[in-house]
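K.L.:
need a structure here:
(one chain, ligands or ions: 1)
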Amino acid sequence: MTEQRTKILVTGGAGYIGSHAVVELYQAGFQPIIADDFSNSQQSALAGVREILGVETPFYELDVADEAALRRVFEAEKDLQGVIHFAASKAVGESVAKPLHYYRNNLGSLLSLLTVMGSFQVNNLVFSSSCTVYGVPDALPVTEATPTKKANSPYGNTKQICEDILTDVVHAPGGTLRTILLRYFNPIGAHESAKIGELPLGVPQNLVPFVTQTAAGIREQLTIYGDTYDTPDGTNIRDYIHVVDLAKGHVVAVQRLLAGESDNVETFNLGTGRGNSVLEVVQTFEKASGQKLNYRIGEPRPGDVPAIYADVTKATEVLGFTTETSLEDSLASAWKWQQALGK
Ligand code: UD1
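P.N.:
This is a model prediction of the structure:
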């Protein structure tokens, strides 16, 4: 069975987006191979993937920045056809406190991966980027042609630098790498089975896990970071995309690379094309869950962009990418997952 499937290495495959991508890849006929060091993920995600798929997914516990360990994976899985590189640190605030860790981890893992991919002539890479590269955009929605801005955190800077590294490697004379850079907007929600979902370590920094933990009684109160922005209700606007829709975007990106249809470097926004305010998220969550949420309005969070959402025309036209899940259904899935987790 395994031999007939095209093998795709998924770094960070035990993580939030990675685990959902592993499920979608397998269900699309690929054989995902997971590499993860559990630095921001848990073994239970692998169990959840196994329960959903009914099969064991090959797994290697390693830090992708450990080139020797990564090389052993490529040796063991001889015929890898491509890689989706999720493995990276992603908390904006933490990156300000520990910049060196972020540069070492996020750049180190990409450099190691590219070195090993080069030695084994594995030439197809899908890279996890972020809408953070657009900074505070001059116009909305943002297209892939919207100029990038100086990053406002070391985390954001690592995404920009990684995009630049990939572009340079692709364009090097004799280079064989082809890459698709996927700029994610705000992934939320969980698999409909509630067997995998987001597993924040400690106090969640992101909105939706904080919301679901507050509704579950784990956190006392949500603080909405400011209501005096220049937006219709004064709170920030983001483009919240269901994680399974996002995961499916990776499958079509891999398919495009393997079919040889892509240019050497291509960039796609993955969002819904819809902007929703923080208050809308709170109200929609209350409707989806039937729970009243305890919240207050607090001070703006430093570094927050007032409003950003995606123009997804390019992903729709070129990748055939569409999103299927409404904000309400996405939040309902997040709540179902929170309930499955318990306290
Ligand atoms: C941020 C990053 C993004 C990164 C993502 C991953 C920026 C501009 N964006 O997204 O690149 O990939 O984190 O972690 O750096 N909010 C509250 N109360 C809370 C938590 C959040 O009001 O307790 C608000 C925020 O102010 C924001 C919205 O909810 O308006 C979403 O916040 P969050 O989930 O942290 O994501 P971003 O900051 O958009």
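K.L.:
now the helices: where do they sit in the stretch 201-343 of the chain?
P.N.:
Assigned by DSSP state H, counting those that start in this stretch, the helices in the stretch 201-343 of the chain fall at 207-215, 243-258, 278-289, 313-314, 327-341.
K.L.:
between those, which one is nearest to the ligand?
P.N.:
The ligand sits nearest to helix 207-215 of all the helices of the stretch 201-343 of the chain, at 3.5 Å, using Cβ to the nearest ligand atom. Heads up, the C-betas are built off the backbone N, CA and C, glycines and all.
K.L.:
So which elements touch the closest one?
P.N.:
Applying 3 or more Cβ pairs under 8 Å, 6 or more residues apart in numbering; DSSP states H and E, one finds that helix 207-215 makes contact with strand 186-188, strand 222-225, helix 278-289, helix 327-341.
K.L.:
right, and those - which one's nearest L270?
P.N.:
For those, the distance to L270 is smallest for strand 186-188, at 8.7 Å, taking Cβ to Cβ.
K.L.:
any idea how far E75 is from G93?
P.N.:
From G93 across to E75, the span is 38 Å (Cβ to Cβ, to the nearest Å).
K.L.:
More neighbours: these two, which one.
P.N.:
Neighbour tally, G93 and E75, criterion other Cβ atoms under 10 Å: the higher count belongs to G93, 13 against 10.
K.L.:
surely the more buried one meets Q205?
P.N.:
Yes. Between G93 and Q205 there is a contact at 6.0 Å, judged by Cβ atoms under 8 Å.
K.L.:
Report the contact partners of A310.
P.N.:
With contact taken as Cβ atoms under 8 Å, 6 or more residues apart in numbering, A310 is in contact with 131, 141-142, 183, 185, 239, 269-273.
K.L.:
can you list the residues you listed in TSV and add pLDDT and neighbour count?
P.N.:
Shown next, in TSV, are the contacts of A310 (pLDDT from 0 to 100; neighbours: other Cβ atoms under 10 Å):
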residue	pLDDT	neighbour count
C131	97	24
P141	98	20
V142	98	24
R183	98	25
F185	98	26
D239	98	26
N269	98	28
L270	98	27
G271	98	29
T272	98	24
G273	98	18
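K.L.:
Could you count how many residues lie near E51?
P.N.:
E51 has 11 neighbours, counted by other Cβ under 10 Å.
K.L.:
Skipping its backbone neighbours, what lies nearest it in space?
P.N.:
Among residues not flanking E51 along the chain, K195 sits closest, at 5.0 Å (Cβ to Cβ, 6 or more residues apart in numbering).
K.L.:
That neighbour: what's it in contact with?
P.N.:
48-49, 51-52, 340.
K.L.:
Please repeat the previous calculation with a cut-off of 6 Å.
P.N.:
By Cβ atoms under 6 Å, 6 or more residues apart in numbering, the residues touching K195 are 48, 51-52.
K.L.:
on that earlier part again, now the helices and strands packed on helix 207-215 in JSON lines, with mean neighbour count?
P.N.:
Formatted as JSON lines, the helices and strands packed on helix 207-215 follow (neighbours: other Cβ atoms under 10 Å):
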{"stretch": "strand 186-188", "mean neighbour count": "23"}
{"stretch": "strand 222-225", "mean neighbour count": "18"}
{"stretch": "helix 278-289", "mean neighbour count": "19"}
{"stretch": "helix 327-341", "mean neighbour count": "21"}
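K.L.:
returning to that earlier point: which members of the contacts of K195 are positioned in helices?
P.N.:
The helices in this structure, assigned by DSSP state H, contain 48, 51-52 from the contacts of K195.
K.L.:
Which of these sits closest to the ligand?
P.N.:
Closest to the ligand, out of all of the ones in helices among the contacts of K195 and judged by Cβ to the nearest ligand atom, is G48, at 20.8 Å.
K.L.:
wait, the closest one sits on I196?
P.N.:
Yes. Using Cβ atoms under 6 Å, G48 is in contact with I196, at 3.9 Å.
K.L.:
the more surrounded of these two?
P.N.:
Ranked by neighbour count (other Cβ under 10 Å), G48 and I196 place I196 first, with 27 against 24.
K.L.:
What is the neighbour count of V73?
P.N.:
By other Cβ under 10 Å, neighbour count at V73 equals 20.
K.L.:
Need the nearest residue in space to it, chain neighbours excluded.
P.N.:
The shortest distance from V73 to any non-neighbouring residue, by Cβ to Cβ, 6+ apart, is to Y60 (4.9 Å).
K.L.:
what separates stretch 135-143 from the chain centre, distance-wise?
P.N.:
Its chain's average C-alpha position is 20 Å from that of stretch 135-143, according to Cα atoms, centre = their mean, to the nearest Å.
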